[in-house]
Structure formats: C-alpha cells, structure tokens
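Trainee: 3D, please:
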Amino acid sequence: MIPRRKLKSVHENSVLKSFGECLKRKGLTFKIKSQPDPPDAFVEIDRKNTWVEITDAFYSQDVAISITSYAADITHRPSKGGYVKDPDETTRNKVETVIEKKLTKSTMIKIARSHGKGILLVGLFGPFFDIDEIGNNLTVAFKSKLQNQSVFDSIYLYEGCSENVHRYKKIL
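Mentor: Predicted structure coming up:
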C-alpha cells in the first residue's frame, strides 16, 4: 500500500515513466528535467524542452474514491454502481470537462505563456471508458476548441493496460 499523501507523486511518476517509454518506442528521446508541480514535469523530448501536465478523468466521484482508496493505505471504499443512461455521452463529457478545466486554469495559461505550449496526459478511469471510442467521438465543437487553444501543443488520452503500463492515444 502507498501512503495516501504520496499517491499523487507515485501515480505521476508512473505515468511519466510509461509516457517516456511510449515515446522511446517511437524512436524519440525523453528525459525528465524537474517536477515542480505545477506543471507536473519539465521534460526534454528529442532535445526540445517542454512541459507535461497530468490529469485524470474518472467516471464518477464514487469511482475516483474507490480507485484511490484501493491504492492507498486507507480503508477501501468500493463504488456503489447504479443505473447508467448513456455511458458513451457520460464518458465523453467527463473527458471533455477535465480537459476544459486544464485549458482554462490560470496556472496552465501562465506556464504556457512563459514556457510555450505543453503536453497534457489525461487518464481514463471507469467501467465505460474506451480510449478509442472517446478519442474518436469528441464533439465537433470541442475538437475545434482544441485546435484554437494556446495552452497545449499535444493532448494524449491514456488508460492502464497492466501494472505500470499505459496505452496512449494522441487526440491533439
């Protein structure tokens, strides 16, 4: 079990490590230079300096508590479940909402102004999240917003495939 107060940094380090491995498989170099928080990391990719922010899209607050309590050194609180009217719309909305929050967050805007556009990694956590379905079904209005924003140069969705391994899909 991971102490609850260290869970965020352990999670971020795992994601950064697997993202670096993903880039290396594509023939790119990846080096973490610092982790000031915010952003989650300043990195070098193929000799180009940039920054990375990590965020997570949970299907619900109940699922978020269940997942984090299972991973941390606190009593696990399983999610209660329930009726789901339209899982595709719900999951797409969750993802668009967490990305929108990062696009409008003052600290992200300030970092982009001083260091250039960065990279956003969005984790998908929940029973109905499918990386391909979500990546392919973002609304036209949201895709347009992504093309016209000035905070992130690249946005990737990621999902866990196994312990410490993530699958990435670039959506911007």
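Trainee: For this structure, give me the ranges with low pLDDT.
Mentor: Along the chain, segments meeting pLDDT under 70 span 1-5, 7, 59-79, 81-84, 161-164.
Trainee: For the most centrally placed residue in it, name its beta-bridge partners.
Mentor: With distances taken as Cα atoms, centre = their mean, residue 122 lies nearest the centre of the chain, 1.9 Å away. Residues in a beta bridge with residue 122, per DSSP bridges, are residue 55, residue 157.
Trainee: give me every residue that touches it.
Mentor: Residues counted as contacts of residue 122 (Cβ atoms under 8 Å, 6 or more residues apart in numbering) are 55-57, 95, 98-99, 155-158. Any C-beta I mention is one placed from the backbone N, CA and C, and that applies to glycine too.
Trainee: Now do the strands in this protein.
Mentor: 30-34, 41-45, 48-58, 118-125, 152-162, 165-170 (DSSP state E).
Trainee: who does the first one pair up with?
Mentor: When pairs are called by DSSP bridges, strand 30-34 turns out to pair with strand 41-45 (antiparallel).
Trainee: For the partner strand, give me every contacting residue.
Mentor: With Cβ under 8 Å, 6+ apart as the criterion, strand 41-45 contacts 12, 16, 20, 23, 28-36, 49-52, 115, 119.
Trainee: do stretch 14-29 as well
Mentor: By Cβ under 8 Å, 6+ apart, stretch 14-29 touches 30-32, 40-41, 43-47, 52, 54, 121, 123, 156, 158, 164-166, 168.
Trainee: Run a quick neighbour tally on residue 91.
Mentor: 22 (other Cβ atoms under 10 Å).
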